[in-house]
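Visitor: Provided below are the primary sequence and the corresponding predicted coordinates.
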Amino acid sequence: FVYSTGTKRFIDLETLEEYDKEQLSDRYAVQFPLGGRLSAAVQLLTAGCQQVAAPTYRPNAGRLVDETVMGHAITYVNLWTRPDVVIESGDITPYLSHVAYLIPQTSERQIILDWIAFNLRHPELKLNWALFFGGLAGIGKDLMCEPLRVGLGKRNYCAIMPDDLTSGYTDWLRHVKLIVVDTLHITGKEQLMDRLKPLIAAPPDYLRINGKYQLHYQIPNLASFLFMANRSDALKLDEDDRRFFVYWSGASAMPGEYYHRLWDWSRGNVGAVVHYFLHEHRIADAFSHLTPPPVTEAKRAMIRASESPLLQTLRSAWDECRPPLERELVTLEQVRRVLKEQDGRPYPPHAIAQALKVLGGRLVRQLNVDGQRPRVWAMVRFDAYDQLLTAELVKEYQRQSHLPSFRAVPATMTVVRRKRPGSGPSKSEDQT
């Protein structure tokens, strides 16, 4: 045993089971029948049981490791365990054929296989983006990922549910390299997605472990996340997300006998698949564990599905060149009025402005048009509109307002003179 002063727990160096003083004394009460309630714990401590600062997680390191804290070497107990799989080369054609069935696109298949291989070869490094693999139920997603779980070692991975992510307890994270989140559907929960960000990517370099009725401590941020779901809208992703590689398999379920045979083969040959990832698979030169992964069509679709109803409505209107975004120059009030006529919802101006920004719109300036003061937005060609004199911009805005629609007609605007930033209308503008 060692005694963790940071968590006030005894840790068995062979099994990694943890006991508080009372639990340890109860377990070994027969050996210490006359020593009182905490006899075993007291005996261990007074007999010189080695003390460590707290648990840590350092793959490929020894059971006791030194970490540098403020210039001092502090001893920790390492909760990482070596995998017990027997690794040997062999023919893994059934596995690779199944992966090709799930992922027929060569480029996407290469990235996913690279992700698996990197995790197995470098468990001591943080892979700064998560893999989302989706598809219909029963197509064999687990079969594809089984070599990764076995290759890392069963103690070094855990499967959690969305409720674990929303809980304030994070002890499921304390000694794992791979975290598999299954049957996930958290669309609309921005707060939960924000909680995922520090878990998926580093920095932060350390994560806080919060167990029930236990003292807090920190471990290195090394865990990799694999999300699997049967719904293509399972995650709520922002337009600028950098933490997920998203793939959606178009495969359908094969007959049950196919999976029975493949599982039977996998149980006897998983060591050969692990060998392939460790020693045979060639990771592409473009693969990086630190920089964001490529954006797939599945990710673009997930981002669109994550958008608010207002943004989806306006994006559709812009793409189809119909009200309220059938012209390049628009105002918030025009957009708000048309939307209210269409679905009866009085969207607030700030929400409309935010949606227009996402679509690429930018505020040009406020105009004086027939006694009104509309704030005019350009959905495209902002620089060209911004350089127009105020009178010319008014004229262009009025011209577009009388057209059924207007999009990017060349040579419709002539820049009379560049507007000086921050200056009001010049005398020449007023005379125009």
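Guide: Received, thanks.
Visitor: any low-confidence regions in the stretch 101-250 of the chain?
Guide: For the stretch 101-250 of the chain, residues meeting the criterion pLDDT under 70 lie at 183-189.
Visitor: quick one, helices of it?
Guide: Assigned by DSSP state H, counting those that start in this stretch, the stretch 101-250 of the chain shows helices spanning 106-121, 141-152, 162-166, 190-200.
Visitor: Let me know the angle separating the second one from helix 106-121.
Guide: With axes from the mean of the first three to the mean of the last three Cα atoms, to 10 degrees as the basis, helix 141-152 and helix 106-121 are set at 30 degrees to each other.
Visitor: Nearest to residue 248, out of the helices of the stretch 101-250 of the chain?
Guide: Judged by Cβ to Cβ, the one of those that comes nearest to residue 248 is helix 106-121, at 9.8 Å. (Each C-beta comes from the backbone N, C-alpha and C, glycine too.)
Visitor: and residue 25, that one's in a helix?
Guide: Yes. According to DSSP: H, G, I helix; E, B strand; the rest coil, residue 25 belongs to a helix.
Visitor: Just confirm it contacts residue 39, I think it does.
Guide: Yes. Counting by Cβ atoms under 8 Å, residue 25 touches residue 39, with 5.6 Å between them.
Visitor: what is in contact with the two at once?
Guide: Taking Cβ atoms under 8 Å, 6 or more residues apart in numbering as the contact criterion, the common neighbours of residue 25 and residue 39 are residue 32.
Visitor: If you count surrounding residues, which of the two has more?
Guide: For residue 25 versus residue 39, neighbours defined as other Cβ atoms under 10 Å are more numerous around residue 25 (23 against 17).
Visitor: Not counting its neighbours along the chain, what's nearest the more buried one?
Guide: Nearest residue to residue 25, sequence neighbours excluded (Cβ to Cβ, 6 or more residues apart in numbering): residue 40, at 4.2 Å.
Visitor: Neighbours of that neighbour, how many?
Guide: Here the number of neighbours of residue 40 (other Cβ under 10 Å) works out to 25.
Visitor: and the closest residue in space to residue 12 that isn't next to it in sequence, what does it touch?
Guide: The shortest distance from residue 12 to any non-neighbouring residue, by Cβ to Cβ, 6+ apart, is to residue 1 (5.9 Å). Taking Cβ under 8 Å, 6+ apart as the definition of contact, the neighbours of residue 1 are 10-13, 24, 44, 49.
Visitor: ok, now residue 398?
Guide: Residue 398 touches residue 369, counting by Cβ under 8 Å, 6+ apart.
Visitor: coming back round to it: just checking, which of the contacts of residue 1 belong to helices?
Guide: Residues of the contacts of residue 1 located in helices (DSSP state H): 24, 44.
Visitor: quick one: the longest helix anywhere in the chain to chain centroid distance?
Guide: Under DSSP H, the helix in the chain containing the largest number of residues is helix 256-275. Centroid separation for helix 256-275 versus its chain: 30 Å, with Cα atoms, centre = their mean, to the nearest Å.
Visitor: between the helix or strand following that helix and helix 106-121, how big is the angle?
Guide: Sequence order places helix 297-306 as the next helix or strand after helix 256-275, per DSSP states H and E. Helix 297-306 and helix 106-121 are oriented at 90 degrees to each other (the same axes, to 10 degrees).
Visitor: could you point out which element follows helix 297-306?
Guide: Elements were assigned by DSSP H and E; along the chain past helix 297-306, the next helix or strand is helix 309-319.
Visitor: ok and that following helix relative to helix 297-306, angle-wise?
Guide: For helix 309-319 against helix 297-306, the angle by the same axes, to 10 degrees is 120 degrees.
Visitor: who touches helix 309-319?
Guide: By Cβ under 8 Å, 6+ apart, the surrounding residues in contact with helix 309-319 are 304, 307, 323-326, 335, 339, 342-343, 347, 351-352, 355-356, 358-359, 379.
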